[in-house]
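Enquirer: from the sequence below, what's the structure:
(one chain, ligands or ions: 2)
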Amino acid sequence: MLKKLCDKLKNTHFIRDYSQMWQYIRPYWGRALIAVLITVPIGALDAVIAWALKPYMDVMMIEQNTQTLWIPLVIIAFSALQGVLTFSATYCNNWVGNRIANDVKMTLFEKLMKFDAGFFDTNTSGNIIMRFNNDVDAACSGLLSNLKQFCTRFFSSVSLVVVLFYNSWKLALIAVVMLFCALFPLTRVRRRIKDINQETLFTNGEVMTHYNEAYGGNRIISSYNLYDYEYKRFDGTLTRVFKLGMKMVQRTGMLSPFMHFVVSLGIALVIWTGSSLILSHQITPGNFVSFIAALILLYNPIKSIGNSFNNVQVALMAMERVFELLGNTPEIRDRDDAVELTGVNKGIEYKNVGFEYVPNKPVLQNINLKIKRGETIALVGNSGGGKSTFVSLLPRFYDVTDGQILIDGQDIRNYTLESLRDKISVVFQDNFLFSGTIRDNILLGNENATPEELNHAVEMAFVQDFLKNLPKGLDTDIGERGTLLSGGQRQRIAIARAFIKNAPIVVLDEATSALDNKSEAVVQKAIENLMKDRTVIVIAHRLSTVRHADKIVVINYGKIVESGTHDELVNQPDGIYASLYKAQLK
Ligand SMILES: Nc1ncnc2c1ncn2[C@@H]1O[C@H](COP(=O)(O)OP(=O)(O)O)[C@@H](O)[C@H]1O
Ligand SMILES: [Mg+2]
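Expert: Ligands and ions are numbered 1, 2, ... in the order given. Sure thing, here's the model as predicted:
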């Protein structure tokens with residue numbers, strides 16, 4: 001019977017989920033144990049005070065005996081001890097809680113960076129902050145401090161109940177029955193708040209996203225006068241947070257008042273019964289005073305044990321979400337027998353490649369293309385046709401849903417991700433620059449680059465041109481996301497970064513599309529330097545920049561519809577490339 005119960009417990013979600021926590025607690029288990037154990041005496045000391053009142057009343061007040069004058073001193077001493085212990089518990093708790101939270105955050109952050117591109121498509125930035133940061137705080141520090149409170153209150157209650165029975169079991173029975181009635185609703189809290197809690201979390205994430213958008217999109221907001229629009233959206237989200245908060249209060253707020261009421265009922269009943277017990281000499285007045293003191297002292301922990309229990313539940317739910325993230329492994333990862341890609345000798349091949357972001361909505365279909373080492377392939381076609389998707393499959397930002405991509409005859413999924421991505425430099429239309437200096441950002445391409453290599457990259461990418469005008473040169477701070485630079489300057493830094501990485505494959509996705517003609521010319525020259533002696537896939541808006549490619553591939557609505565050199569394609573009657581080219585010449 002008992003064994004069956006144990007097995008059942010082991011198989012529940014509960015044990016399986018929370019036992020994962022152990023690996024994070026283990027390094028600090030000593031202090032964590034102390035933090036929990038301290039709550040026993042803290043709680044129990046409440047009882048000493050109540051208990052001491054009985055001898056004091058009976059001996060001092062009734063018998064007028066002065067022997068018991070030491071009792072107040074005992075009460076003072078115990079209270080002081082309680083204070084010291086409480087401080088130690090709080091300190092210990094915070095120390096352990098924050099340490100564990102940091103460890104979990106580090107693990108999650110590492111995971112976050114390695115998640116598939118698809119994860120970031122479906123999660124907002126606010127959502128990620130909530131789940132990777134705030135949830136961890138709630139789950140670790142929050143759980144421990146709430147657990148501490150809960151335990152303190154629990155032990156305080158238990159020891160006070162002992163004092164109750166010590167003084168009179170009849171009265172104690174009445175009190176205990178009432179307490180059970182008062183505590184019963186607690187068992188149903190979790191079910192009542194679970195869905196609201198989840199929703200609150202997501203809505204709070206949305207609030208965070210609004211701030212991010214106000215920050216990142218402030219230029220657009222100003223230029224399109226989106227103040228009202230954004231204001232209303234923010235208001236809508238805040239209103240939802242408010243409503244959820246109030247719903248939470250509706251479902252839990254009645255708990256404390258209800259318990260308050262039941263407990264007062266109990267006290268009334270006890271006084272009534274107690275008086276008759278004294279009159280019939282079944283208990284002494286000292287017993288009664290001590291009993292009432294214990295009962296009143298009991299009221300506080302019992303009252304707030306409800307809140308602590310709620311908070312522990314909320315923390316446990318956060319922990320479940322954290323575990324969900326921890327258990328999440330990216331789908332795009334190394335195979336067990338993955339090999340290093342050391343270089344590109346023959347070339348790249350797309351073989352019957354198909355891809356869909358959303359099931360049954362193909363974005364690329366039946367793509368076949370061979371790219372020899374050292375060749376430059378240009379992709380053109382309608383906007384939304386799948387060109388960016390085509391190139392994002394190569395560094396495995398996404399995996400193909402059909403067919404395969406080969407490098408030197410091997411499926412790219414057989415190479416380690418690190419070595420594969422190491423061989424590909426990607427320059428996008430809008431490149432992310434990190435806060436820091438220009439030098440920091442360029443060296444991201446290869447932190448071990450020599451000063452000569454750095455200088456070479458700076459020169460080849462025409463970063464030199466604008467460095468001259470910066471008093472601090474390479475050590476100029478570029479602001480968050482490089483906001484202190486012009487688009488062309490940011491682009492040239494990105495190209496220098498790709499240069500210093502020195503990868504054999506270069507992917508350029510509309511690298512000059514966002515620029516005005518003058519900066520485009522410089523960036524174009526930088527790009528030509530970067531393309532030398534490498535295998536290149538270039539997506540370009542302006543056809544003048546692709547005409548020298550070895551092969552031009554037209555991708556329309558997810559399919560390759562034409563391919564050939566500029567000269568072959570431009571003269572084809574009814575050719576798509578030919579008509580695009582003519583349209584641009586005008
Ligand atoms: N992360 C994504 N999730 C879902 N659909 C996407 C995603 N990125 C692009 N798409 C869709 O895939 C199609 C191809 O997009 P894309 O490859 O960016 O085209 P192009 O670069 O040729 O303009 C478009 O219909 C686009 O809406
Ligand atoms: Mg694109």
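Enquirer: got the contact list for Lys468?
Expert: By C-beta atoms under 8 Å, 6 or more residues apart in numbering, no residues touch Lys468. Using the backbone N, CA and C atoms, a C-beta is placed for each residue, glycine as well.
Enquirer: please apply the same query to the one 4 residues further on.
Expert: With contact taken as C-beta under 8 Å, 6+ apart, Lys472 is in contact with Thr437.
Enquirer: what separates it from Val40, distance-wise?
Expert: 60 Å (C-beta to C-beta, to the nearest Å).
Enquirer: also Leu364?
Expert: 64 Å.
Enquirer: these two - which one has more neighbours?
Expert: Leu364 (25 against 17; other C-beta atoms under 10 Å).
Enquirer: wait, doesn't that one sit right on Ser392?
Expert: No: using C-beta atoms under 8 Å, Leu364 is not in contact with Ser392; the gap is 10.5 Å.
Enquirer: can you give me the strands in the stretch 401-550 of the chain?
Expert: For the stretch 401-550 of the chain, applying DSSP state E, counting those that start in this stretch gives strands covering 402-407, 410-411, 424-427, 505-509, 535-539.
Enquirer: redo the ones you listed as a markdown table? Include mean neighbour count and distance to ligand 1.
Expert: Formatted as a markdown table, the strands of the stretch 401-550 of the chain follow (neighbours: other C-beta atoms under 10 Å; distance: least, C-beta to the nearest ligand atom, whole Å):
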| stretch | mean neighbour count | distance to ligand 1 |
| --- | --- | --- |
| strand 402-407 | 19 | 15 |
| strand 410-411 | 14 | 22 |
| strand 424-427 | 24 | 13 |
| strand 505-509 | 23 | 7 |
| strand 535-539 | 24 | 7 |
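Enquirer: just send the ones you listed back as TSV, with mean pLDDT and distance to Gly217 too.
Expert: Shown next, in TSV, are these (pLDDT from 0 to 100; distance: least, C-beta to C-beta, whole Å):
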stretch	mean pLDDT	distance to Gly217
strand 402-407	95	35
strand 410-411	94	40
strand 424-427	92	23
strand 505-509	93	22
strand 535-539	94	25
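Enquirer: between those, which gets nearest to Asn225?
Expert: strand 505-509 (31.2 Å; C-beta to C-beta).
Enquirer: could you spell out the sheet neighbours of that closest one, each with its direction?
Expert: Sheet pairing for strand 505-509, assigned by DSSP bridges, gives strand 424-427 (parallel), strand 535-539 (parallel).
Enquirer: dump those into TSV; add distance to Gln82 as well.
Expert: Listed next are those as TSV, based on distance: least, C-beta to C-beta, whole Å:
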stretch	distance to Gln82
strand 424-427	62
strand 535-539	71
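Enquirer: which of those sits closest to Tyr215?
Expert: strand 424-427 (25.0 Å).
Enquirer: and the contacts of the closest one?
Expert: 391, 394-395, 445, 491, 494-495, 498-499, 501, 503, 505-509, 511, 527, 530.
Enquirer: residues from this structure in reach of ligand 1?
Expert: When proximity is defined by C-beta under 6 Å from any ligand atom, the chain lies next to ligand 1 at Asp121, Tyr357, Val363, Ser383, Gly384, Gly385, Gly386, Lys387, Ser388, Thr389.
Enquirer: list the contacts for Ala32?
Expert: The neighbourhood of Ala32, defined by C-beta under 8 Å, 6+ apart, consists of Ile25, Val96, Leu144.
Enquirer: can you give me the first-to-last residue distance of stretch 160-180?
Expert: Taking C-alpha to C-alpha, to the nearest Å, stretch 160-180 runs 15 Å from one end to the other.
Enquirer: ok, stretch 162-172 next?
Expert: By C-alpha to C-alpha, one end of stretch 162-172 lies 9 Å from the other end.
Enquirer: relative to Leu164, how far out is Ser290?
Expert: Taken as C-beta to C-beta, the span from Ser290 to Leu164 is 9 Å.
Enquirer: quick one on the thing from earlier: from the contacts of Ala32, which is closest to ligand 1?
Expert: Among the contacts of Ala32, Ile25 lies closest to ligand 1 (C-beta to the nearest ligand atom), at 38.4 Å.
Enquirer: next up, phi/psi of that closest one, please.
Expert: phi -80, psi -30 (degrees, to the nearest 10).
Enquirer: what's the local residue count around it?
Expert: Other residues close to Ile25 by other C-beta under 10 Å number 17.
Enquirer: next, give phi and psi for the closest residue to it other than its chain neighbours.
Expert: When the adjacent residues along the chain are set aside, Ile25 lies closest to Ala32, with 5.5 Å between them (C-beta to C-beta, 6 or more residues apart in numbering). The phi/psi pair for Ala32 (degrees, to the nearest 10) reads phi -60, psi -40.
Enquirer: let's see the pLDDT reported for Ala32.
Expert: If you check Ala32, the pLDDT there is 86.
Enquirer: then Met246?
Expert: 94.
Enquirer: please identify which helix or strand holds it.
Expert: Assigned by DSSP states H and E, Met246 belongs to helix 227-252.
Enquirer: let me know the average pLDDT across the following helix or strand past that helix.
Expert: For helix 227-252, the following helix or strand on the C-terminal side (DSSP H and E) is helix 255-279. Helix 255-279 comes out with an average pLDDT of 85.
Enquirer: residues making contact with helix 255-279?
Expert: Looking at what lies outside helix 255-279 - C-beta under 8 Å, 6+ apart - the contacts are 168, 170-171, 174-175, 178-179, 181-183, 185-186, 189, 283-285, 288, 291-292, 295-296, 299, 302-304, 306-307, 310.
Enquirer: again, but for stretch 450-460
Expert: 439, 442-443, 445-446, 449, 463-464, 467, 474, 496-497, 499-500, 526, 529-530.
Enquirer: please report phi then psi for the spatially closest residue to Leu417 that is not a sequence neighbour.
Expert: Spatial nearest neighbour of Leu417, chain neighbours left out: Asp334 (5.7 Å); criterion: C-beta to C-beta, 6+ apart. Here is the backbone geometry of Asp334 (degrees, to the nearest 10): phi -70, psi 140.
Enquirer: over to Glu340?
Expert: Taking degrees, to the nearest 10 as the convention, Glu340 sits at phi -80, psi 140.
Enquirer: how near is it to Ser276?
Expert: 88 Å.
Enquirer: for the top helix by length along the chain, packing partners?
Expert: Longest helix of the chain, by residue count under DSSP state H: helix 70-114. Here helix 70-114 touches helix 22-25, helix 29-37, helix 39-55, helix 135-137, helix 143-167, helix 285-326, going by 3 or more C-beta pairs under 8 Å, 6 or more residues apart in numbering; DSSP states H and E.
Enquirer: show me the chain divided up by domain.
Expert: For the chain, automatic domain parsing gives the domain ranges 24-326, 347-585.
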